[in-house]
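Peer 1: curious how this folds, go ahead:
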Amino acid sequence: MGTLALQPAPPTGGKLIWATDWHLDHADAPARHRLLESIRAELPGTLVISGDISTGRQLPEDLQWLVAELDCPVAFVLGNHDFYGSSFARVDAAVALTYADNPRLQHLDGDEVLPLTPTTALIGHRGWADGRAGAGAQSQVELNDYRLIAELTGCSRAERFRRLAALGDASAHSLRVALDLAVPRYRRVFVLTHVPPFPEATWHMGQMSDAEYLPHFCNTAAGTVLRAVAKKHPRHRFIVLCGHTHSPGVARILPNLIVNTGGAAYGEPGIQRCFTL
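Peer 2: Prediction:
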């Protein structure tokens with residue numbers, strides 16, 4: 001059943017401070033300091049992170065570091081790198097313990113709706129590349145995901161793509177539940193996810209990713225849900241915030257559905273954009 005995360009909205013004039021693909025396991029102390037200063041300069045607001053914060057074993061420590069250093073709400077989804085060296089089950093359990101003890105942390109991984117203002121809300125799910133875009137199961141690309149995440153290792157190519165499809169479908173279902181909860185109450189909905197939900201948003205050096213990489217860089221199942229809901233509610237605005245491809249870009253899918261994909265540089269985490277609330 002859907003849930004409404006009853007947290008206070010940011011103060012008047014607050015912002016949605018969007019970041020993605022920090023890879024804090026690559027960031028030294030000066031880089032981390034610059035990151036914190038850039039966030040503090042934008043407060044008051046809510047920090048939202050669309051995945052790839054760190055790696056499996058280091059992630060809980062990095063989340064604790066973040067809330068200890070910042071005095072603001074932090075909502076996040078996880079990305080593929082956040083499970084490296086571990087498994088979905090172990091990381092999810094560790095993250096649950098971490099945010100249970102930190103009221104300013106909000107892990108969006110299901111049907112939560114986070115109110116930001118009386119007319120604006122945030123929903124999110126990690127999403128996952130579902131293997132269906134581009135070349136589909138014929139792709140020969142081998143990501144580190146398939147070596148470093150327990151549930152994706154040691155399986156045949158056919159089984160791998162079945163697992164990817166199931167992950168994409170699960171995220172699409174969760175987003176649909178959250179959207180059905182949010183739309184009756186809020187006219188503007190921010191959707192936080194890691195993997196771009198449309199091929200047009202899989203930016204790579206200014207262009208869409210090619211057919212070989214698209215199966216691993218796009219969650220078509222989530223895109224189908226988002227497009228259907230946006231078409232059904234043309235007077236609402238849906239703003240997707242994602243990452244994963246490490247190249248920035250904006251894709252206007254429908255007049256009321258825009259996908260912002262964030263860029264990234266290893267060792268230099270930063271803010272992507274701030275939205276006025």
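Peer 1: can you tell me how far residue 127 is from residue 223?
Peer 2: 10 Å (CB to CB, to the nearest Å). Where C-beta positions appear, they are placed from N, C-alpha and C, glycine not excepted.
Peer 1: with neighbour numbers in mind, choose between these two.
Peer 2: More crowded of residue 127 and residue 223, by other CB atoms under 10 Å: residue 127, with 34 against 28.
Peer 1: so the more buried one: helix, strand or coil?
Peer 2: coil (DSSP: H, G, I helix; E, B strand; the rest coil).
Peer 1: does it really touch residue 195, like I thought?
Peer 2: Yes - with contact defined as CB atoms under 8 Å, residue 127 and residue 195 form a contacting pair (4.3 Å).
Peer 1: joint contacts of those two?
Peer 2: 219, 222, 242 (CB atoms under 8 Å, 6 or more residues apart in numbering).
Peer 1: could the residues you listed go into JSON lines alongside distance to residue 56, neighbour count and pLDDT?
Peer 2: Compiled in JSON lines, the shared contacts of residue 127 and residue 195 are given as follows (distance: CB to CB, whole Å; neighbours: other CB atoms under 10 Å; pLDDT from 0 to 100):
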{"residue": "219", "distance to residue 56": "21", "neighbour count": "35", "pLDDT": "98"}
{"residue": "222", "distance to residue 56": "23", "neighbour count": "30", "pLDDT": "98"}
{"residue": "242", "distance to residue 56": "21", "neighbour count": "31", "pLDDT": "98"}
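Peer 1: now intersect these with the strands, please.
Peer 2: Within the shared contacts of residue 127 and residue 195, membership in strands is found for residue 242, as judged by DSSP state E.
Peer 1: quick one: the strands in this structure?
Peer 2: Using DSSP E, strands in the chain cover 3-4, 15-19, 45-50, 74-77, 105-107, 112-117, 120-124, 188-192, 203-204, 207-208, 237-242, 249-254, 257-261, 271-276.
Peer 1: which neighbouring elements make contact with the fourth one?
Peer 2: In other words, strand 74-77. strand 45-50, helix 59-69, strand 105-107, strand 120-124, strand 188-192 (3 or more CB pairs under 8 Å, 6 or more residues apart in numbering; DSSP states H and E).
Peer 1: and for that strand, what's in contact with it?
Peer 2: Residues contacting strand 74-77 (CB under 8 Å, 6+ apart): 46-51, 53, 63, 66-67, 104-109, 114, 122, 124-127, 192-194.
Peer 1: for residue 27, find the nearest of the helices and strands packed on strand 74-77.
Peer 2: Comparison of the helices and strands packed on strand 74-77 against residue 27 by CB to CB identifies helix 59-69 as nearest, at 9.3 Å.
Peer 1: now that closest one: how far from the chain's centre is it?
Peer 2: Distance of helix 59-69 from the chain centroid (CA atoms, centre = their mean, to the nearest Å) equals 18 Å.
Peer 1: list the buried ones in that helix?
Peer 2: In terms of neighbour count (16 or more other CB atoms under 10 Å), helix 59-69 has its buried residues at 59, 60, 62, 63, 66, 67.
Peer 1: next one: stretch 224-237
Peer 2: 224, 225, 226, 227, 229, 230, 233, 236, 237.
Peer 1: mind naming the longest helix for this protein?
Peer 2: As assigned by DSSP state H, the longest helix anywhere in the chain is helix 157-182.
Peer 1: so what does that one touch, helix or strand wise?
Peer 2: Using 3+ CB pairs under 8 Å, 6+ apart: helix 157-182 touches strand 112-117, strand 120-124, strand 188-192, helix 220-232.
Peer 1: of those, give the one that comes closest to residue 24.
Peer 2: strand 188-192 (18.0 Å).
Peer 1: partner strands of that closest one, parallel or antiparallel?
Peer 2: strand 120-124 (parallel), strand 237-242 (parallel) (DSSP bridges).
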